[in-house]
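Novice: Sequence first, predicted model second:
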Amino acid sequence: MEMLTEERDNVVIITLQEERLDAHNSGELKSQLLSLFEDGKVNIIVDLGAVRFIDSSGLGALVSGFKNASAQEGKLKLAALQNQVKSMFELTRLHRVFEIFPSNEDALNSFQQA
Amino acid sequence: MWFYTLIIPTFVQAGWLSQQILTSGPFDITWLRPTALFYLDNLGFWSHALFWTMFCNIGSLLAVSILTRPAADEAAQALRFVQVSTWQSTPRQRTRISKAPTIMEFVDLMTKFIGEKQANAAIASYLGNREIDEKGSLSEYEVPNLKLFTEKTLAASVGAAAARIIIENYLNARGSKMEDVFNIFGSVSLSRKTSREQLGVLYEAAHIVSSGDDLDTIFDKILELLYQQFRFDLCAIRIYDEESNLLKLRNYRGIDSDFLAHADREVNEDTCIGTSYLYNKVILANDDDCRDKPLSQDIIRSEGIKSFAHAPITIEGQPIGVLSSYSRYAKGIYTDEFIELYKNLAAQIGIAWRNDQQTRQLIAASEHEKELRIAESIQLGLLPDKMPELPGHDIAAICVPAKQVGGDYYDFIHQGDDLDMVIADVSGHNIGAALLMAEARTFILARAHEMDSSVDMLEVLNRFLYSDLSKAELFITMFYLRYCPQSGAISYANAGHNHPIIMRQANSTFEELDAEGLILGIVPDISFEQRHSQLSHGDVLLMYTDGIVEAENNQHDMFGIDRLKAALASNAHLSSQEIIDNIMITARMFQGRRHFNDDVTMVVCKCNQRD
């Protein structure tokens, strides 16, 4: 799957460049996150700005990343959710679990303040 | 038999036995008289004995051959005897050229050995005075002649015996796995000097590669061939291993355990093997030749190696490993002929490797398919086989598994007069996900009767499934609803599942059922909210999973909840089954395909009468 990875102030920002995060590509996101955790990078922002549709496998990849980050005393935060994606989080009530921000900058700021 | 019919009467005549045996038979059984067995008394003494002896012999020969099966070699022998006397061998000869080789194939073959120009010139001179049929190809009577001509042409270049081997093998190999091997083989530029022995080695290697044995057997056999034919002391195949970034020893012949302990090589220029792999070239050397590589020098000295040869093993030109041979006694045994041969053996090893990889991929694909089928059968096995009987109500349900199985589930549990209805979806598309859903179902069916409310059910279920779901990195969305058919009262709780819809017949409005909660398997303790609603006369309750609302058309529009509501409204007057059928048709029309990307599950409960 297409994604950009950059590191700013000890936070890794993964910008997905796919319209769909589903059964076909969520595995790649999951393994990308795992390899970051292995390198000890546990503060992560996933920018979903380009994602129009997310299914249960996509949610699963994010949940898995969220749990692993928390287990290592890090955080996985989400940024720039489109409406349809946001409603998926609301349906599953996962918006109560994840910290969700309007943009990367907002998410990054929240890391600095903490 | 002859004893009985000849000797016994003789004994009687000689007076050693009683005359009575002849006249009234032994023990007075008249049909056993030795000279008139079975009352056969109209033949002479000799004829009678001969008749019965032959009768017994031939009879038992036939009986035994009818009652027993011949061994394989006996059968083959018999067939050969029988076929000699018939004319069945004629059609067999015809089938040999059933797929007649074309002129181009002969040209290709010659090109491999004598070069393109010469091959074209040869074929032109051959065709110059031949008949070519209307389709531009050779008439079938010409094929044997062309074969003979090709053989002669090749013979001029590689010798008669070698040419015969080449032609025969090539014609047999066409269209089989061997063809690939042959292409490589043909690329050896053979000269008149090429010995039959070397050709033999290549053919033997080609047969090993195409034998269908497993990879290790093939590699071992090729190394054995190399070892035996060229009297090396050590032969080894090293394959690049991505994980360790080493050229790892995979198969070997003649290597002692000392050598084995440090046989892997790093991919760099420090050793000749690393260099051969990196630069994709053959390296041949004698012991004095690698002064620039101290590491190689050490190995050479400690092993007492006099000379060695490394050739890269390649797939489509890219090196995947190195074939190595070492000699402890002979220096500089490497002729050009040998180098060509050696390179081609390495290439054949590459082909064997590639064939093996392709086979593995095919097997993996079919294993995956098998797993999906198992998961599907587990999932479908979870679903109730009949709809619950509820007076005054009409209940129907459907579950259509997608090609990539999800893990949808619905069920009904009678609770005295009440009816629990549950619908759920597990993330993930494998056996593990299906098994977790099975676990959830078992728990629900076993504990439902103890639960006072839908909320209790979901809270306890989450606690029960949390560690398993968490370990598997899966989660479940579930809607749990308790319905009282007498009063129409509904109480429900939701674990992040799509909101069921109630269509009110009275004013054609919709109610979406939602309550606070979270999908199962994210945190160990969730507090769910209990909410209530009501199903009145004529109302329709529709529960569903995401498969139906996420059905997508070519413009990437989704079917969505509004279209679902509209489809429900326009069919609400029909039976529950018809409502489901018509929603399915509408969704399929919308997406323009019959198959859905995800499982599609719906449960419809229609209240037809209430006092």
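Specialist: Right, received. Where do you want to start?
Novice: need the residues of the stretch 451-600 of chain B near chain A, please.
Specialist: Applying C-beta under 8 Å from any C-beta of the partner chain, one finds that the stretch 451-600 of chain B approaches chain A through B:470, B:473-475, B:477, B:496-499, B:516-519, B:522-523, B:546, B:550, B:556, B:558, B:598. C-betas here are computed from N, CA, C, even on glycine.
Novice: Out of the residues you listed, which sit inside helices?
Specialist: B:470, B:546 (DSSP state H).
Novice: From chain A, how far off is residue B:8?
Specialist: 93 Å (C-beta to the nearest C-beta, to the nearest Å).
Novice: element containing that residue, please.
Specialist: Here residue B:8, judged by DSSP states H and E, is contained in helix B:8-13.
Novice: where does chain A have low pLDDT?
Specialist: Along chain A, segments meeting pLDDT under 70 span A:114.
Novice: At the geometric centre of it, which residue sits there?
Specialist: residue A:46 (3.0 Å; C-alpha atoms, centre = their mean).
Novice: thinking that residue is in contact with residue A:75, fair?
Specialist: No. Counting by C-beta atoms under 8 Å, residue A:46 stays clear of residue A:75, with 11.2 Å between them.
Novice: shared neighbours of these two, which are they?
Specialist: Both residue A:46 and residue A:75 lack any common contact, where contact means C-beta atoms under 8 Å, 6 or more residues apart in numbering or on different chains.
Novice: Quick check: next helix or strand after the helix or strand encompassing residue B:582?
Specialist: Per DSSP H and E, residue B:582 falls inside helix B:576-591. For helix B:576-591, the following helix or strand on the C-terminal side (DSSP H and E) is strand B:600-607.
Novice: Output that next one in CSV, but only the C-alpha positions, please.
Specialist: The C-alpha trace of strand B:600-607 is given here as CSV (Å, rounded to 0.1, in the frame of the first residue of the first chain):
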residue,chain,number,x,y,z
VAL,B,600,-24.4,-10.0,3.6
THR,B,601,-26.6,-10.9,6.6
MET,B,602,-30.1,-9.7,7.3
VAL,B,603,-32.8,-10.7,9.9
VAL,B,604,-36.3,-9.4,9.4
CYS,B,605,-39.1,-9.7,12.0
LYS,B,606,-42.5,-8.5,11.1
CYS,B,607,-45.3,-8.1,13.6
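Novice: Just want the angle from that strand to helix B:576-591.
Specialist: 140 degrees (axes from the mean of the first three to the mean of the last three C-alpha atoms, to 10 degrees).
Novice: hang on, the earlier thing: moving along the chain from the helix holding residue B:8, name the first helix or strand you hit.
Specialist: In N-to-C order, the element after helix B:8-13 by DSSP H and E is helix B:20-24.
Novice: can you pull the contacts of residue 17?
Specialist: I went with chain A, as the question did not name one. Going by C-beta under 8 Å, 6+ apart, the list of residues near residue A:17 reads A:1, A:2, A:3, A:4, A:50.
Novice: my question was about chain B
Specialist: Here residue B:17 is in contact with B:8, B:11 (C-beta under 8 Å, 6+ apart).
Novice: one more time with 10 Å
Specialist: By C-beta atoms under 10 Å, 6 or more residues apart in numbering or on different chains, the residues touching residue B:17 are B:8, B:9, B:10, B:11, B:26, B:34.
Novice: likewise residue B:465?
Specialist: B:426, B:436-437, B:439-440, B:443, B:472, B:474-476, B:478, B:520-521.
Novice: Name the next helix or strand following the helix or strand hosting residue B:359 along the chain.
Specialist: Secondary structure assignment for residue B:359, by DSSP H and E: helix B:336-382. Next along the chain after helix B:336-382, taking DSSP H and E as the criterion, comes strand B:393-400.
Novice: tilt between the helix or strand following that next one and strand B:393-400?
Specialist: Later in the chain than strand B:393-400, the nearest helix or strand by DSSP H and E is strand B:408-415. For strand B:408-415 against strand B:393-400, the angle by the same axes, to 10 degrees is 150 degrees.
Novice: Could I get the full set of strands for the stretch 151-300 of chain B?
Specialist: B:234-241, B:246-253, B:265-266, B:283-286 (DSSP state E, counting those that start in this stretch).
Novice: Run the angle between the first one and strand B:246-253 for me.
Specialist: An angle of 150 degrees separates the directions of strand B:234-241 and strand B:246-253 when computed by the same axes, to 10 degrees.
Novice: Strand B:234-241 to helix B:336-382, inter-axis angle?
Specialist: 50 degrees.
Novice: So which bits of stretch B:351-367 are buried?
Specialist: For stretch B:351-367, the buried set under the neighbour-count rule, 16 or more other C-beta atoms under 10 Å in any protein chain shown, comprises B:351, B:352, B:353, B:355.
Novice: correct me, but the second one touches residue B:211?
Specialist: Put plainly, it is residue B:352. Yes. Applying C-beta atoms under 10 Å, one finds residue B:352 in contact with residue B:211, separated by 9.5 Å.
Novice: for residue 49, helix, strand, or coil?
Specialist: Went with chain A since none was named. coil (DSSP: H, G, I helix; E, B strand; the rest coil).
Novice: just so I have it, where are all the helices in chain A?
Specialist: Going by DSSP H, chain A shows helices at A:26-38, A:56-71, A:83-92, A:104-113.
Novice: and what of the stretch 101-250 of chain B?
Specialist: Taking DSSP state H, counting those that start in this stretch, the helices of the stretch 101-250 of chain B run over residues B:103-114, B:116-127, B:142-158, B:160-173, B:178-186, B:196-209, B:215-230.
Novice: Identify whichever of those helices lies nearest to residue A:111.
Specialist: Nearest of those to residue A:111, taken as C-beta to C-beta: helix B:215-230 at 50.9 Å.
Novice: So which bits of that closest one are buried?
Specialist: Quick answer for helix B:215-230 (16+ other C-beta under 10 Å): B:215, B:218, B:219, B:220, B:221, B:222, B:223, B:225, B:226, B:227, B:229, B:230.
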